[in-house]
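# Sharing a sequence plus its predicted fold:
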Amino acid sequence: MPAEFKGEAWARLGVNTDNDFEPLYVISPDRKAQVSKLKALGEGR
């Protein structure tokens, strides 16, 4: 969980209930390369 969100009541849910239920995505450092590949594949569509 990013430090900027730790004090928020909704932070444990992973969804910002105060801002139209905006999802909070946390990507593990060891998975950043895989996420980048998936994003690149999705942009080509």
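Sure thing, it's come through.

# Below-threshold pLDDT in this protein: ranges please.
Where the chain drops to pLDDT under 70, the residues are 45.

# Swap in 90 and give it another go.
1-14, 24-26, 42-45 (pLDDT under 90).

# Can you show me the helices along it?
Taking DSSP state H as the test, the helices found in the chain are 32-43.

# just so I have it, where are all the strands in it?
15-16, 22-23 (DSSP state E).

# Can you say which of the ones you listed is packed in most?
strand 15-16 (a mean of 14; mean count of other Cβ atoms under 10 Å). Placement of C-beta: from N, CA and C, glycine included.

# Can you tell me which helices and strands that one packs against?
strand 22-23 (3 or more Cβ pairs under 8 Å, 6 or more residues apart in numbering; DSSP states H and E).

# which neighbours does the strand it packs on have in its sheet, and in what orientation?
The strands beside strand 22-23 in its sheet (DSSP bridges) come out as strand 15-16 (antiparallel).

# Residues touching the partner strand, excluding its own?
8, 10, 21-24 (Cβ atoms under 8 Å, 6 or more residues apart in numbering).

# Now render the strands of the chain as JSON lines, adding distance to residue 40.
JSON lines is the format used below for those (distance: least, Cβ to Cβ, whole Å):
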{"stretch": "strand 15-16", "distance to residue 40": "26"}
{"stretch": "strand 22-23", "distance to residue 40": "21"}
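
# Which one of those lies nearest to residue 34?
Each of the strands of the chain has some distance to residue 34 by Cβ to Cβ; the shortest is strand 22-23, at 18.7 Å.

# coming back round to it: which one of the contacts of strand 15-16 is nearest to residue 44?
residue 23 (23.3 Å).

# Show the contacting residues for the closest one.
Contacts of residue 23 by Cβ under 8 Å, 6+ apart are 14-16.
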